[in-house]
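Trainee: predicted coordinates and the sequence they were generated for:
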Amino acid sequence: MFHPENKLRTSWDFFVLAVTVFAAIEIPISIVFDIYSSPLAAAVFLFIPGVFVADILVHFNTGFYRLGKTVTKRSTIAFRYLKGWFGLDLLAALPLGFVLNHFVPSAGTLLLLISLNPLLKLFHSGTTPYRIGGTRVNPAILRLVLLVFWILLVAHLVSCGWILISGNPQRLASMPLYIRAFYWTITTLTTIGYGDITPQGAFQTVFVIFIELLGAGMYGMIIGNIANLIANIDIAKSQYKDRLDKINAFLNYRNIPHPLQRKINDYYSYLWESRRGYDESAVLQDLPIALKTTVALQINRGIIEKVPLFQTASEDLIREIVLNLNPVVFTPGDIIVTAGEVGFEMYFISQGSVDVLSADEQTVYATLAAGQFFGEIALLLSMPRTATIRAREYCDLYRLDKDNFDRVIQRYPDFAERINELAEKRKAEIEEIQQSKESEIPEAIEDIQAEYTGSAVSLRWNWVRDLRHYEVIKQIPATGKWVYVEKNVLEPNITDPTPNPDGSTMYRIRAIKTSGAGSWSKPIVIEPAPEEPET
Ligand code: CMP
């Protein structure tokens, strides 16, 4: 009993198809050129039915798919075959050509036509390319090739028919005679009809009328089919072009600036180059969960192989993560994660690279490339994002949201531990860089500058480390008491609109730090600007 997908069985189907095509070409030729009774023709007439009989036996012994299961019960298979193709296969397998050849040597031409019975097999074998090639080659191209094949085969049969009924009045050799008949067939079938070869007598005229009608029908079918097939050869491309045309029409209608239009078009080109424009998650949405997992595993194999963290992970864990990964694309310069914000997802890099930046985007902490990930610290340690992440180029990322991340972390402690280690290490690195940057900032207020701007005094001084805010006081000359100018100064500068109008003013400043209040600075004294002499 053969499995329907058995390789040997598939090869056999192709062999039977080849024999059928051979029969369809050879038998009409042997009839019209009267080589019908040659020993070679006799062997052929025996060989073809032999193969077809064997094929019937093979069909009785091949299982089939029903509702996703392979049926191998012999009686069910036989019943199904008897109800289906068996009748036609049997007729095609009858050795009528051989019988006529041997027992009716002087059979008339019409009787010989009976020996065309193996051509009936074309109906059954003709389904083989669709059945076997359908998922392996582009279906539109397959249909186009088969359409051309059927047209040529029909043309061959019509050519032989024309030779049979018009004979060989010009006494041409076999080859030129066939070529002329083929030429007549093609001009007639394509409705060109030069009229250089015309029917003689009623029988030929009726034959020509029939072929002309056939030609008109075929012509219409070919035109309709070919336009459709060519449009569908690359469905993805035509859908993508449609989408791009719509978007561009919209961008023009809304007068979107040209550079932005360019960027959007670049993005679509990238989508086309990287994934032929398909939205993977949308494609998979309709599949049942088990199939979806298998396909997702297949599609995401690349990213799984790239991420070292996954390489030691269990099958279950990978399955769980892969099912919940969502592909996202970022264009060069896009900010993917902003420092200080709350995080709801982490990302795995499949293609491209990103910069890990300080909040002011001035310091690059690291550059991450394909196979690395980011955004895990905010999820793991429930803290604001430690850094800003900016795409350096087009980036294909896979996003894992917080709920799924938390579930994975809870269920797979080993994985949690490894990712935690890396998060702590990265956090420590950032803190170290931040600390070394802060150590360049002085501890105390050292450098105060003061000047009059009109009747007000402007004071400015240096930043200090671990700052909460500054406090500024000044001395009232009459009493010698110190009063606050301002208690909650966030920047290292201030303007006092009411300095001492009669003489110098004295100020002191101190920083309130995260660790507590610092000491007051040395006093700074500013004398009033000398009055401009009147002219
Ligand atoms: P998260 O804090 O959620 O968002 C910013 C991300 O940048 C952070 O998670 C890490 O994934 C990543 N990151 C922070 N520091 C470093 C570093 N030193 N090297 C590489 N990646 C980092």
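Mentor: Structure's in. What do you need?
Trainee: give the buried residues for stretch 428-440.
Mentor: For stretch 428-440, burial by neighbour count (16 or more other Cβ atoms under 10 Å) applies to I430. Bear in mind the C-beta positions are built from the backbone N, C-alpha and C, glycine included.
Trainee: in the chain, where is pLDDT below threshold?
Mentor: Residues of the chain meeting the criterion pLDDT under 70: 36-37, 105-111, 134-135, 529-535.
Trainee: find the centremost residue of the protein, please.
Mentor: In the chain, the C-alpha nearest the mean C-alpha coordinate belongs to R275, at 3.2 Å (Cα atoms, centre = their mean).
Trainee: which residues does it contact?
Mentor: Taking Cβ atoms under 8 Å, 6 or more residues apart in numbering as the criterion, R275 is in contact with P327.
Trainee: so it versus F22, what's the distance?
Mentor: Applying Cβ to Cβ, to the nearest Å, the value for R275 to F22 is 44 Å.
Trainee: which residues of the stretch 301-450 of the chain lie near the ligand?
Mentor: 337, 343, 356, 365-366, 368, 374-378, 385-387, 389, 426, 429-430 (Cβ under 6 Å from any ligand atom).
Trainee: strands - which of those land there?
Mentor: Among these, the members falling in strands (DSSP state E) are V337, V356, Y365, A366, L368, F374, I389.
Trainee: that older thread, list buried residues within the residues of the stretch 301-450 of the chain next to the ligand.
Mentor: For those, a neighbour count by 16+ other Cβ under 10 Å gives the buried set as 337, 343, 356, 365-366, 368, 374-378, 385-387, 389, 426, 430.
Trainee: gap between the residue lying closest to F203 once chain neighbours are set aside and P477?
Mentor: Leaving aside its sequence neighbours, F203 sits nearest to I165 (Cβ to Cβ, 6 or more residues apart in numbering; 6.2 Å). The gap separating I165 from P477 is 132 Å, by Cβ to Cβ.
Trainee: over to A92?
Mentor: As judged by Cβ to Cβ, A92 and P477 stand 123 Å apart.
Trainee: do the same with F207
Mentor: From F207 across to P477, the span is 129 Å (Cβ to Cβ).
Trainee: higher neighbour count, these two?
Mentor: Set F207 next to P477 and count neighbours by other Cβ atoms under 10 Å: F207 wins out with 18 against 13.
Trainee: do you know how far the more buried one is from the ligand?
Mentor: According to Cβ to the nearest ligand atom, to the nearest Å, F207 and the ligand sit 80 Å apart.
Trainee: let me know the helix or strand that that residue is in.
Mentor: F207 belongs to helix 201-233 when elements are defined using DSSP states H and E.
Trainee: just checking, what packs against that helix?
Mentor: helix 139-166, helix 174-189 (3 or more Cβ pairs under 8 Å, 6 or more residues apart in numbering; DSSP states H and E).
Trainee: just the buried residues of it, please?
Mentor: Going by neighbour count (16+ other Cβ under 10 Å), the buried part of helix 201-233 is F207, V208, I211, G215, M218, I222, L229.
Trainee: got the angle between that helix and helix 174-189?
Mentor: Interaxial angle of helix 201-233 relative to helix 174-189 (axes from the mean of the first three to the mean of the last three Cα atoms, to 10 degrees): 70 degrees.
Trainee: who touches the following helix or strand past helix 201-233?
Mentor: For helix 201-233, the following helix or strand on the C-terminal side (DSSP H and E) is helix 235-253. By Cβ under 8 Å, 6+ apart, the residues outside helix 235-253 that reach it are 140, 231-232, 260-261, 264-265, 268, 271-272, 276-278.
Trainee: pull the most distant pair out of the buried residues of helix 201-233.
Mentor: Spatial extent of the buried residues of helix 201-233 (Cβ to Cβ) is set by the pair F207 and L229 at 30.8 Å.
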